[in-house]
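Peer 1: Can you look at this prediction? I've put the sequence above it.
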Amino acid sequence: GAVVSQHPSWVICKSGTSVKIECRSLDFQATTMFWYRQFPKQSLMLMATSNEGSKATYEQGVEKDKFLINHASLTLSTLTVTSAHPEDSSFYICSARRDWNNEQFFGPGTRLTVL
Amino acid sequence: GNSVTQMEGPVTLSEEAFLTINCTYTATGYPSLFWYVQYPGEGLQLLLKATKADDKGSNKGFEATYRKETTSFHLEKGSVQVSDSAVYFCALSGTGANSKLTFGKGITLSVRP
């Protein structure tokens, strides 16, 4: 149990296009999900906290108009990278916090490459 | 704010060697402490955790003890295997339902046969 999936696992896009990444909790409800960015050989940087039914809370320095987050249900959050540029290339990881005990489970990540 | 400091890596060990990965933290109140592991090409997995001072988390032969007096949560394993090769992250979370995880930089462990 407690599985979090991400789709797609990797994506290559052209500069200027938008990319949507899905994060799903497959067997539990998660009112809160988190989006992280991981650069090569570096730690995870929290980008935003996604709350079902309300606006996401963004960390300082993260552009909310560039990284659109929608948490439409208790099992799905999406991150849309708008007008992507090469500097947005990174590994994006989501986690879902299980409602009944607050334990967090991580997705496998999405590798985004912007050409 | 909260922060986690891990020892610099990478670390390369021979199979069956003893492993210690240092982790210290700065936090207000009484955080929970975690070790996560990321195998090549995979997402993070919780390895072990401790929620209060003097607690010892353990899993798969790994152990870490929550030391409030030294604000540390060092990871140890008595005999590493090749399959333990991965990136290890120390992390903490504050108290309450709105707590967020703060991660250390991670350290890459390579175990050679």
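Peer 2: Happy to help now that I have it. Residues are numbered from 1 along each chain as shown, chains lettered A, B, ... in the order given.

Peer 1: mean confidence score for the helix or strand that contains residue B:89?
Peer 2: Assigned by DSSP states H and E, residue B:89 belongs to strand B:86-93. What strand B:86-93 shows for mean pLDDT is 94.

Peer 1: what does it contact?
Peer 2: Applying CB atoms under 8 Å, 6 or more residues apart in numbering or on different chains, the contact partners of strand B:86-93 are A:43-44, B:2, B:4, B:6, B:21, B:23, B:25, B:27, B:31-40, B:44, B:47, B:73, B:75, B:99-104, B:106-109. Glycine gets a C-beta too; all of them are placed from N, C-alpha and C.

Peer 1: Buried ones in the next helix-or-strand element following that strand, by neighbour count?
Peer 2: Sequence order places strand B:101-103 as the next helix or strand after strand B:86-93, per DSSP H and E. By neighbour count on 16 or more other CB atoms under 10 Å in any protein chain shown, the buried set for strand B:101-103 is B:101, B:102, B:103.

Peer 1: wait, isn't the last one in contact with residue B:4?
Peer 2: So the one you mean is residue B:103. Yes - here residue B:103 reaches residue B:4: they are 6.3 Å apart, a contact under CB atoms under 8 Å.

Peer 1: what residues does chain B put near chain A?
Peer 2: Taking CB under 8 Å from any CB of the partner chain as the criterion, chain B approaches chain A at residues B:36, B:42-46, B:89, B:97, B:99-106, B:108.

Peer 1: one more time with 10 Å
Peer 2: Taking CB under 10 Å from any CB of the partner chain as the contact definition, chain B meets chain A at B:4, B:6, B:9-10, B:32, B:34, B:36, B:38, B:41-46, B:49, B:87, B:89-91, B:93, B:96-106, B:108.

Peer 1: What subset of these is buried?
Peer 2: Applying 16+ other CB under 10 Å to the residues of chain B next to chain A flags B:4, B:6, B:9, B:32, B:34, B:36, B:38, B:43-44, B:46, B:49, B:87, B:89-91, B:93, B:99-106 as buried.

Peer 1: Give me the nearest residue to the most centrally placed residue in chain A, chain neighbours excluded.
Peer 2: The residue lying closest to the centre of chain A (CA atoms, centre = their mean) is residue A:35, at 3.8 Å. In space, and not counting its chain neighbours, residue A:35 is closest to residue A:47: 4.6 Å by CB to CB, 6 or more residues apart in numbering or on different chains.
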